[in-house]
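Colleague: sequence-free structure coming up:
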């Protein structure tokens, strides 16, 4: 039997408990009503400025239909947007990662179906690369406008440190394991890691699963196949992960370092760590904050190396095929009009495209090779473009692909795995319990 | 005594006085009682925070109670409660007694001691996190090896640090309570003790401490019940980590409700929190004895 309360009342009730009162991210609940459209996105340089720039240009060109913006840090945003949606206070334009998170919004009827709008506006749709629509598509319908950049996870390394220690970048998992003691002997952490953010640890498993067992291993878990996490290749990947941690592959204290503060990236560009697995967006951050580190060509990068005997294709990539803008179903007709106008003329306009490329990003547009090659970050953006386009499989980040309940259990268990407080088998059992259908 | 006659005050009591309670009642019912009922109802449902709310009987309670994470979170909450009480109470009493003196330098120190009270928990947590960062924090900046430890990355250290920061933040508040209470102790008690030849230490243990009995109970109630709801500080400082070493009940509730989209189990934990808080508050009141209204100043 299913009984339905008024959602809004129930959330109002839940949010009002004195105990939880302090927890709801205090502050204003955002401009849900009002005339103009609103748009929430993530803060932090250089992305924040580029997003704001696109809105500013749109507002200048359309003084009658302005968009107001509010920014949030990555991790707080995930819960903030959920609460806002539930309380009917969501912004008109909702920034997101698509995938499992978008699916929950769709199932709750919180975001508009944009399929027919895209059919009527082929010009908007056709200039975006096809693979970017994957995470925006739920059950065959498009619920979000892909935007910004394609962000594969990249293995970065500090060339200066490699020169000092006189070693070469790794070309296989065995190379990685062999490099670890060499860096540790010089007092340099082999890998930087913002472990408190949890998804940072997850990127490691995404690659190990792929390189050892191929994309099918996680796909099986995603599809809810029974005991998918206990697959021998999965156990092998989890075991190798713990071997690297035991060998002191990561910087001491990684479990208290957060990625939101960019401390993990600072470790790499200050030379305290030799390598780091991070999203391609990190290039822009290191360029902006790392002084002459990036300009002096000290930052090296590559796709994750293969694991000997593994089944995964070494071209496979993991990461975010794009970012996504959904339109709140609760917004007024005028607000939705403004949002669609923004999608048509504001999103990825000429200057935004240039700004992304200048920051080291690869916009999700077709046919940008010549612009990429002419840019000041030509090497890096061309590398990312090739990585994304040549990947046999470009898998979406696990926590974005899974539904929030499974993603939360996954991240929790990943932290424990990295703490060495659970074994690979326990990890697999815990997750089987969540994803088994 | 006020010059008003008993007759006047009785009329007030039956006239306007009962109405004065209304604003507070409205807030209490609106922000405490109704939400409490709502959360209790939600704990018997399955809800992801967005979609439809479905009645699911005792599923949420079973999921919460059968899970070892709850036991762990309760244990951590209990440890935080006991440790922060044990650290805060003696220090607060000592500082409060010290500040109760009328010397000018003590008044100046009092201002300094109360500064943490003015800061928000989130700001405190962010500051400590930055200062204690093993790579870019104080230890690195000043070149002091001891400070460059992995403070928030080791379970025991991180736990101790949470207790330390909580104490640092709240000792000023409790000192303030004790300062006021010590000042209320009649001077005649101390004068009598001095005549009998009691030294300062003896005076402290034989007069000050016994006279503070009810203040200790009040302050302990605030500490113990308050420690159930520590959230912001721990959330920012350690996010419950490393692993789940500092994952208290309130944090567990938040993670389940707002990260894992499991509002039912999160509500069940909220109900548990409320019940534990109530029981603890009642127990502490009992400790104070039934004669709480009796005068403490037997000598006065």
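Modeller: Perfect, I can see it now. Please read these numbers as outputs of a predicted model, since none were measured by experiment.

Colleague: Tell me the residues on the stretch 151-300 of chain B that lie near chain A, please.
Modeller: With CB under 8 Å from any CB of the partner chain as the criterion, the stretch 151-300 of chain B meets chain A at residues B:151-153, B:158, B:228-229, B:231-232, B:238-239, B:241-244, B:250, B:253-263, B:267, B:270, B:273-274, B:277. Where C-beta positions appear, they are placed from N, C-alpha and C, glycine not excepted.

Colleague: Take those residues and keep only those in strands.
Modeller: Among those, no residue falls in strands (DSSP state E).

Colleague: can you list the residues of the stretch 151-300 of chain A near chain B?
Modeller: Within the stretch 151-300 of chain A, the positions adjacent to chain B are A:195-196, A:251-258, A:263, A:266-267, A:272 by CB under 8 Å from any CB.

Colleague: My understanding was that residue B:249 contacts residue B:77; is that so?
Modeller: Yes. Using CB atoms under 8 Å, residue B:249 is in contact with residue B:77, at 4.6 Å.

Colleague: of these two, who's got more company?
Modeller: Taking neighbours as other CB atoms under 10 Å in any protein chain shown, residue B:249 and residue B:77 compare with residue B:249 leading, 26 against 22.

Colleague: how about the more buried one, what does it touch?
Modeller: B:73, B:74, B:76, B:77, B:228, B:269, B:272, B:273 (CB atoms under 8 Å, 6 or more residues apart in numbering or on different chains).

Colleague: cool, residue B:265 as well?
Modeller: Taking CB under 8 Å, 6+ apart as the test, what residue B:265 contacts is B:43, B:60, B:63, B:64, B:256, B:257.

Colleague: Report the buried residues of stretch A:173-185.
Modeller: A:173, A:176, A:177, A:179, A:180, A:183 (16 or more other CB atoms under 10 Å in any protein chain shown).

Colleague: no no, stretch B:154-174
Modeller: B:154-155, B:157-159, B:161-163, B:165-167, B:169-174.

Colleague: same deal with stretch B:132-151?
Modeller: Those would be B:132, B:133, B:134, B:135, B:136, B:137, B:139, B:147, B:148, B:149, B:150, B:151, for stretch B:132-151 by 16+ other CB under 10 Å.

Colleague: Check stretch A:113-131 too.
Modeller: Buried, per 16+ other CB under 10 Å, within stretch A:113-131: A:114, A:117, A:118, A:124, A:125, A:128, A:129, A:131.

Colleague: What is the nearest of those residues to chain B?
Modeller: Checking these against chain B with CB to the nearest CB, the nearest one is residue A:114 at 18.9 Å.

Colleague: Could you find the closest non-adjacent residue to that closest one?
Modeller: Leaving aside its sequence neighbours, residue A:114 sits nearest to residue A:142 (CB to CB, 6 or more residues apart in numbering or on different chains; 5.1 Å).

Colleague: and the one you found, what does it touch?
Modeller: Residues in contact with residue A:142 (CB under 8 Å, 6+ apart) are A:113, A:114, A:115, A:118, A:133, A:136.

Colleague: Nothing else from me, thank you.
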